[in-house]
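>>> fold the stuff below for me.
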Amino acid sequence: MSFDYFETPLKARLRLFVIGVLVFSLFCTLFARLWFMQVMSSADYTQAATQNHTRQVLVPAPRGVIVDAKGRTLVGNRVSLVITVDRSVLAKLPDAQQAQVITRLAKVLGQTPQELKARTMLCGEPGASKPPACWNGTPYQPIPVAKDVSEQIAIEVMERREDFPGVGADSQTLRNYPAPYNVNAAHILGYLSPITTEELEKLDKSGQDSVPHRSDLVGRAGVERTYDQMLRGAPGVKDVIVDAVGYTTGVEKQTAPTPGATVVSSIDARIQAAVEAQLRGALFTARKQYDKITKRNYVADSGAAVVMDTKTGRVIAMASYPDYDPGVWVGGISQRELDALYSPKSGTPLVSRALQGQLAPGSTFKPITTAAALGAGYSPKTRLDCSSFLEVGDRRFKNYESASYGMIGFDRALAISCDTFYYRIAYALWLRAGGNSGDLDARDPLVEMAKKFGLGTPTGIDLPGEVSGRIADRKWKKEYYDAQKDYYCKLADNPPAGTSAFLKQFSREFCVDGYRYRAGDAVNFSIGQGDTTITPLQLAVIYSALANGGTLYEPRVVESWKGANGKTHVIKPTVKAKLPVSASNLRYIDKGLKETARSGTAAWKFTGFPLDKVPVRSKTGTAEVYGKQTTSWMAAYTDRYAVVMMLSQSGTGSGAGGAAVRKIYETLYDIKSTPPPAKDPKKTP
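Residues are numbered from 1 along each chain as shown. Here you go, the predicted structure:
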């Protein structure tokens with residue numbers, strides 16, 4: 001009898017049992033997994049789901065305002081309607097459709113598709129423009145592509161979302177320049193631009209998270225840069241809810257930003273506006289004047305002016321020409337606008353001539369020479385011949401217009417700006433130091449005093465980009481010789497066609513022993529000629545020290561700041577050094593400079609000015625520059641204010657800048673007086 005009939009049902013039941021166990025196990029496993037996901041991991045998955053439809057956006061802090069000493073707003077903020085493009089949305093579209101969106105939007109905004117696309121490209125990616133024209137922020141944040149758009153344009157874009165995916169309209173806070181009294185002050189205030197890739201990399205290397213800073217605007221010049229951290233404040237964070245297309249549908253949570261501090265500058269907008277107007281007017285007037293030496297009108301290409309409080313070192317006004325509109329940076333700058341700011345053809349407007357203009361000071365240097373001579377054996381009783389010329393070696397060094405005034409003292413030499421008087425002193429001190437010995441360590445009282453007056457080093461002003469100027473002493477000349485010897489020796493051996501006779505002779509002499517500090521170098525140094533250069537700000541600091549009894553202050557353009565908590569922090573004046581000049585010698589120099597405005601080289605510009613009520617001490621300077629027209633300098637001070645004006649390629653010191661400096665003092669002291677004559681009856685420099 002076969003058992004197959006009985007075994008088959010048993011095997012079937014066994015298989016069913018095994019299958020049942022497996023199914024039960026699977027159901028148990030599935031149930032356990034579901035229970036784990038819905039109960040144990042509920043919070044994690046809820047957060048993940050939320051993150052899937054939310055996006056974190058930084059809320060920029062309102063940048064702190066900059067006000068003048070009277071509380072007038074110089075730099076503030078305003079709300080602007082801005083069109084933005086979200087790259088993360090555009091990236092989901094085909095290339096052809098992206099191009100169509102850019103083209104349609106460009107037409108609405110009045111831009112070219114190329115310009116609009118350049119604004120949406122990330123800095124560093126192929127084909128991107130240079131910063132700040134490209135976008136240096138995060139690609140996950142809407143990129144502003146047009147500022148100050150009309151409500152009509154914004155509505156058109158928002159109503160046609162199907163034609164403009166990823167395009168939005170938003171209100172943003174932008175920098176605003178109210179310009180009280182039509183003031184510019186661009187070189188003082190500075191500007192903002194997006195943070196650069198290099199700066200973001202530095203943040204990463206320092207261990208900081210660079211992502212929150214990708215859309216930061218950073219101060220690039222002036223007060224905006226020096227006080228950037230306190231002006232910037234702290235950004236807030238906003239978690240926005242977005243739909244499947246990427247449009248914002250709501251706000252989940254938000255942390256409010258902390259506003260930046262209010263920075264109070266020492267600038268007086270009324271004085272600043274007057275200084276800017278006088279500087280510009282002096283240059284424009286000089287361009288109408290005929291230069292007898294070059295047989296053409298003066299170029300008058302640039303200039304600077306500084307007004308300083310002599311008792312504190314605070315800058316009341318500071319102007320540079322050419323200037324620029326600081327608002328050009330607001331909301332992004334085009335490549336064309338950026339190129340113009342750096343272009344020599346437009347005068348490189350970004351350069352602040354007050355801080356960065358390095359020029360020979362001319363006769364405004366003579367008070368330093370006087371202080372050095374009075375400390376090196378000469379005295380107020382010294383009398384030297386102010387002859388029409390002085391022969392040094394085989395060269396004749398002349399007085400201005402070959403004038404001769406006989407035997408005079410330092411006070412009269414300062415007032416009439418006698419060159420030969422100082423030539424004699426410099427030549428005698430040069431001989432005392434060893435003459436043409438070539439000793440680099442020879443003691444030179446003139447050089448030592450120039451350094452103690454702060455020349456050759458930055459003043460320490462609280463603005464970026466300041467240069468140090470140059471003292472062309474023995475050591476500098478040796479360094480220059482070592483650097484330029486090969487060039488001039490080659491030029492001397494094989495001068496190209498068109499080389500001037502002067503340059504040929506100079507090259508031959510320089511090649512042989514150009515390292516020697518000759519008598520000609522010494523006499524030129526004594527009157528602020530030759531290779532020594534200073535900035536207008538340095539000269540203002542020096543003349544402030546002459547006014548206050550010998551204290552060299554570090555100049556400041558910010559006097560205090562107020563934080564978000566309302567607490568005011570005052571920045572106290574900082575003393576840099578004390579002049580090594582006795583009080584009696586300072587009074588003697590002061591006497592000579594006081595006569596400059598009464599009977600000296602500036603007298604014709606101060607005719608009718610109430611010098612008895614407001615005693616102005618002044619010094620004029622006319623610096624010769626090889627290959628260019630003369631630089632005009634005018635430096636002056638009262639008991640309270642020092643004023644310096646420099647006009648490049650503009651003529652004589654008093655002739656080009658005298659009237660403008662006088663006008664500035666009339667503004668400072670609210671004076672109404674009879675204007676000076678148009679021409680100098682004595683033809684003094």
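>>> before we move on, what SS does residue 207 have?
Put simply, residue 207 is coil when judged by DSSP: H, G, I helix; E, B strand; the rest coil.
>>> quick check: it vs residue 518, distance?
Residue 207 is 56 Å from residue 518, where distance means C-beta to C-beta, to the nearest Å. (Each C-beta comes from the backbone N, C-alpha and C, glycine too.)
>>> just residue 529 next, same as before
Distance from residue 529 to residue 518, counting by C-beta to C-beta: 14 Å.
>>> so the two - more neighbours on which side?
Using other C-beta atoms under 10 Å as the criterion, residue 529 and residue 518 rank with residue 529 on top: 24 against 18.
>>> that one against residue 359, yeah?
No - Residue 529 lies out of contact with residue 359 (C-beta atoms under 8 Å); the separation is 11.0 Å.
>>> could you pull up phi and psi at the closest residue in space to residue 183 that isn't next to it in sequence?
Residue nearest to residue 183 in three dimensions, not counting chain neighbours: residue 273, with 4.4 Å by C-beta to C-beta, 6 or more residues apart in numbering. Residue 273 adopts backbone torsions of phi -60, psi -40, taken as degrees, to the nearest 10.
>>> which residues touch residue 273?
Shown in contact with residue 273 (C-beta atoms under 8 Å, 6 or more residues apart in numbering): 180, 181, 182, 183.
>>> skip the chain neighbours and tell me the closest residue to residue 640.
In space, residue 640 is closest to residue 310, 6.0 Å off (C-beta to C-beta, 6+ apart).
>>> look up how far residue 361 lies from that neighbour.
For residue 310, the distance to residue 361 (C-beta to C-beta) stands at 19 Å.
>>> who's more crowded, these two?
Using other C-beta under 10 Å as the criterion, residue 310 and residue 361 rank with residue 361 on top: 30 against 23.
>>> enumerate every residue touching the more buried one.
528, 532, 533, 534, 539, 621, 623, 633.
>>> likewise for residue 181?
269, 270, 272, 273, 274.
>>> residue 353 touches residue 318, doesn't it?
No - in this structure, residue 353 is not within contact of residue 318 by C-beta under 8 Å, at 9.9 Å.
>>> anything in contact with each of the two?
Common neighbours of residue 353 and residue 318 (C-beta under 8 Å, 6+ apart) are residue 304.
>>> chain center to the longest helix along the chain: distance?
The single longest helix within the chain, with elements called by DSSP state H, is helix 4-35. Computed by C-alpha atoms, centre = their mean, to the nearest Å, the separation of helix 4-35 from the middle of its chain amounts to 84 Å.
>>> give me the helices and strands touching that helix, please.
Contact here means 3 or more C-beta pairs under 8 Å, 6 or more residues apart in numbering; DSSP states H and E; on that basis helix 4-35 packs against no helix or strand.
>>> tell me, how many neighbours does the nearest residue to residue 130 once chain neighbours are set aside end up with?
Counting by C-beta to C-beta, 6+ apart, residue 335 is the residue found nearest to residue 130 once chain neighbours are left out, at 7.3 Å. Counted with other C-beta under 10 Å, the neighbours of residue 335 add up to 14.
>>> also the one 4 residues further on?
Counted with other C-beta under 10 Å, residues neighbouring residue 339 total 12.
>>> coming back round to it: gap between the residue nearest to residue 130 and residue 273?
For residue 335, the distance to residue 273 - C-beta to C-beta - is 32 Å.
>>> helix/strand/coil for residue 69?
Looking at residue 69 with three-state DSSP, the answer is coil.
>>> how about low-confidence regions in the stretch 51-200 of the chain?
51-53, 55-57, 131-132, 136-140 (pLDDT under 70).
>>> and the helices in it?
Along the stretch 51-200 of the chain, counting by DSSP state H, counting those that start in this stretch, helices occupy 87-90, 95-109, 113-120, 151-159, 186-189, 197-205.
>>> before we move on, what about the stretch 451-600 of the chain?
So, for the stretch 451-600 of the chain - with DSSP H, counting those that start in this stretch - the helices run 474-493, 501-513, 519-526, 536-548, 583-598.
>>> for those helices, which has the smallest mean pLDDT value?
Note on those: helix 501-513 shows the lowest mean pLDDT, a mean of 89.
>>> sorry, back to before: out of the helices of the stretch 451-600 of the chain, which comes closest to residue 371?
helix 583-598 (6.4 Å; C-beta to C-beta).
>>> show me what the closest one packs onto, helices and strands only.
Judged by 3+ C-beta pairs under 8 Å, 6+ apart, the packing partners of helix 583-598 are helix 366-374, helix 410-416, helix 536-548, strand 617-623.
>>> mind listing what's buried in that helix?
Neighbour-count burial for helix 583-598, counted by 16 or more other C-beta atoms under 10 Å, picks out 585-586, 588-598.
>>> now stretch 611-618
The neighbour-count check on stretch 611-618 (16+ other C-beta under 10 Å) flags 611, 614, 616, 617, 618 as buried.
>>> any idea how far apart the tips of stretch 634-641 sit?
Distance across stretch 634-641, first residue to last, is 14 Å (C-alpha to C-alpha, to the nearest Å).
>>> who touches it?
So stretch 634-641 is contacted by 307-311, 316, 364, 539-540, 542-544, 546-547, 593, 597, 602, 614-621, 642-645, 653-654, 656-658, 660-661, 665, 668 (C-beta under 8 Å, 6+ apart).
>>> kindly recompute the last result at 7 Å.
307, 309-311, 316, 364, 539, 543-544, 546-547, 614-620, 643-645, 653-654, 657-658, 661, 668 (C-beta atoms under 7 Å, 6 or more residues apart in numbering).
>>> pLDDT score for the closest residue to residue 353 other than its chain neighbours?
Nearest non-adjacent residue to residue 353, counting by C-beta to C-beta, 6+ apart: residue 304, 3.7 Å away. As predicted, residue 304 sits at a pLDDT of 98.
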